[in-house]
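Visitor: Give me a 3D structure for the following:
(one chain, ligands or ions: 1)
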Amino acid sequence: MTDQRPITTTDAGIPAPSDHDSLSVGPNGPLLLQDHYVIQKMAQFNRERVPERVVHAKGGGAFGFMEITEDVSQFTKAKLFQKGARTDLLLRFSSVAGELGFPDTVRDPRGFALKFYTEDGNYDLVGNNTPVFFIRDPSKFSDFIHSQKRRSDNHLHDHNMQWDFWTLRTESAHQVTFLMSDRGTPYSWRHMNGYGSHTFMWVNAGGEKYWVKYHFKTDQGVKNFTDADAGAQTALDRDFHIRDLSYAINASEHPTWTVQVQVMPFEHAADYRFNPFDLTKVWPHSDYPPINIGRLTLNRNPEDYFAQIEQAAFEPANLVPGIAASPDKMLQGRLFSYPDTHRYRIGPNYLQLPVNRPKVPVHSYNKDGAMRYENYGDPVYAPNTAGGPQADPSLYDGESYGVTGEIVRAAYTLHAEDDDYGQPRALYDNVLSDTDRANLAGNIVGHASRPEVTAEMKVRVVEYWRNVSKDLGDNVAKGLGVNGG
Ligand code: NDP
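Guide: Numbering: from 1, shown residues only. Take a look at the predicted model:
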């Protein structure tokens, strides 16, 4: 044994008897149950995995900070958005549909989940690399995800069921346009934008309310793989995105994003031309121009992937004074489902793990439960006369707003220009270049040409895209050899 190295121990810190040999009856004999050290090793190994995330399982991330360079105090009193504020953060990137070992470079949206360690507790913003989403009501979320993951019978991803869902739920068209474009195969996490996607409320110190959308624009420039290059990269390195980020930060190439917000006065929402809470829609820049407010930098790799990334728990319900939820139905669903999944996946005390715990003291009346590291002391109830913590409701002044109506199960009320195809059409007609359009059609054709996609489904695929653009639908028809193609 070399003198410099520490002595191996059990997890209780007791010096281990051997690094190599189990305790046996003679060198060739059976093993003994009293070999606590080996039994602890085997038992711990059996428990190394927590359940992987049902969505966004494969990911990576890094620590960094956000600096606010502009004065937006007229819109929010949130401390992390005051000019000059610098807030530490964790950013986790991910793909959506694959499992923990899935290749990084396959076609998929990418998660862009932020945890800001603010002086008012943790603020989480759980976004994607696209400004919109496939559905607008959380009752469809598990159905949608099931269609993107594996079949029950043969355990295969199945493009037929993906197109079945998308063509039946036409609000998907905007997000599927992003997904099938080359933005569906980003070159790296450093080279993609992030979007908060949902609409949130900001409240200023005077109690005035605004609606807000967040944009994080990559300063490295947007860079995507073509479908063919993504395939080639997948064959070369399944962990390319994790490696790219980790190596860049190790080489002190710290990626940055310009932080922007679109701000809508509270009163505009009622008759804005699009329903501003519909997650399948953007707010056109011409209506609400993005305002630069600061910069986000990643400068530190995790030292312990499991402790800091796998156990990182983001929840859109973590909102700090000055920021509140909107009536976006998908956001409302996620306010519940994220903390719920963490309680199941990591345990009820996930907020006490170092990566998740706030950098400010917690004064809560919650206590006990599996794997609790510490309680907050007495008194353990409120109200009390024992000097326990008490809430300050004035911190949330201004967040309230009136809502009335029948209790119904119904789609959103349509605003003047709401329809499922208008915004993807604007993307196709006004934003994509000729090369982007050709690649989009080619990517759709490749995706819908897999053997499991039926002839009848191909006809539906063509119709779906003809509703976005006749030109695009005709090109897809040509590529698939159906429906007049
Ligand atoms: P604008 O012309 O003002 O903005 C279009 C935006 O599209 C760009 O600023 C850019 O935003 C983004 N974009 C550029 N190239 C691509 C691409 N190849 N694939 C996807 N997005 C790209 O138009 P509008 O604001 O009126 O929006 C028109 C359409 O653009 C929308 O229907 C939507 O599909 C798409 N879009 C709009 C965004 C918004 O928040 N308004 C954001 C992203 C896309 P960025 O810098 O964010 O990439």
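Visitor: would residue 127 count as being in a helix?
Guide: No - per DSSP: H, G, I helix; E, B strand; the rest coil, residue 127 lies outside any helix segment and is strand.
Visitor: neighbours around it, how many?
Guide: Around residue 127 there are 23 other residues, counting by other CB atoms under 10 Å. Every C-beta, even on glycine, is put in place using the N, C-alpha and C of the backbone.
Visitor: partners of it in the sheet?
Guide: residue 112 (DSSP bridges).
Visitor: Please list all residues in contact with it.
Guide: Residue 127 makes contacts with 111-114, 194-197, 214, 216, as judged by CB atoms under 8 Å, 6 or more residues apart in numbering.
Visitor: tell me what the lowest-mean-pLDDT helix or strand in the chain is packed against?
Guide: Counting by mean pLDDT, DSSP states H and E, the weakest-scoring helix or strand in the chain turns out to be helix 36-46, with a mean of 93. Of the remaining helices and strands, none touches helix 36-46 by 3 or more CB pairs under 8 Å, 6 or more residues apart in numbering; DSSP states H and E.
Visitor: How about the residue positioned nearest the centre of the chain: what's its closest non-neighbour residue?
Guide: Nearest to the geometric centre of the chain sits residue 111, at 3.6 Å (CA atoms, centre = their mean). Leaving aside its chain neighbours, residue 111 sits nearest to residue 94 (3.8 Å; criterion: CB to CB, 6 or more residues apart in numbering).
Visitor: How far does the helix or strand hosting the one you found sit from its chain's centre?
Guide: Here residue 94, judged by DSSP states H and E, is contained in strand 86-95. Mean C-alpha position of strand 86-95 versus that of the full chain (CA atoms, centre = their mean, to the nearest Å) differs by 10 Å.
Visitor: ditto for stretch 196-210
Guide: The mean C-alpha position of stretch 196-210 is separated from the chain mean by 21 Å, CA atoms, centre = their mean.
Visitor: Same question for stretch 332-344.
Guide: With CA atoms, centre = their mean, you get 13 Å for stretch 332-344.
Visitor: repeat for stretch 228-236
Guide: On CA atoms, centre = their mean, the centre of stretch 228-236 falls 24 Å from the chain's centre.
Visitor: ditto for stretch 69-76
Guide: Computed by CA atoms, centre = their mean, the chain-centroid distance of stretch 69-76 equals 26 Å.
Visitor: Count residues in the vicinity of residue 400, would you?
Guide: Residues lying near residue 400 (other CB under 10 Å) number 11.
Visitor: low-scoring stretches of the stretch 1-150 of the chain, by residue?
Guide: For the stretch 1-150 of the chain, the stretches flagged by pLDDT under 70 are 1-2.
Visitor: near the ligand, which residues of it show up?
Guide: Listed as neighbours of the ligand in the stretch 1-150 of the chain under the rule CB under 6 Å from any ligand atom: residue 131.
Visitor: can you map out the strands along the stretch 1-150 of the chain?
Guide: Using DSSP state E, counting those that start in this stretch, the strands found in the stretch 1-150 of the chain span residues 59-68, 86-95, 110-118, 121-128.
Visitor: deepest of these, which one?
Guide: Highest mean neighbour count among these (mean count of other CB atoms under 10 Å): strand 110-118, with a mean of 24.
Visitor: Can you verify my assumption that the residue nearest to residue 111 contacts residue 110?
Guide: Yes - between residue 94 and residue 110 there is a contact at 6.6 Å, judged by CB atoms under 8 Å.
Visitor: Keeping just the C-alphas, turn stretch 301-315 into CSV.
Guide: Output in CSV follows, covering the C-alpha atoms of stretch 301-315 (Å, rounded to 0.1, in the frame of the first residue of the first chain):
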residue,chain,number,x,y,z
ASN,A,301,-18.7,22.2,-14.5
PRO,A,302,-20.4,20.0,-12.0
GLU,A,303,-17.9,18.0,-9.8
ASP,A,304,-20.5,15.3,-9.2
TYR,A,305,-22.9,14.5,-12.0
PHE,A,306,-25.3,12.5,-9.9
ALA,A,307,-25.5,14.8,-7.0
GLN,A,308,-25.6,18.1,-9.0
ILE,A,309,-27.3,17.2,-12.3
GLU,A,310,-29.2,13.9,-11.9
GLN,A,311,-30.7,15.0,-8.6
ALA,A,312,-31.2,18.6,-9.6
ALA,A,313,-34.9,19.3,-9.2
PHE,A,314,-36.4,22.2,-11.2
GLU,A,315,-40.0,23.3,-10.6
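Visitor: Sweet, I'm off.
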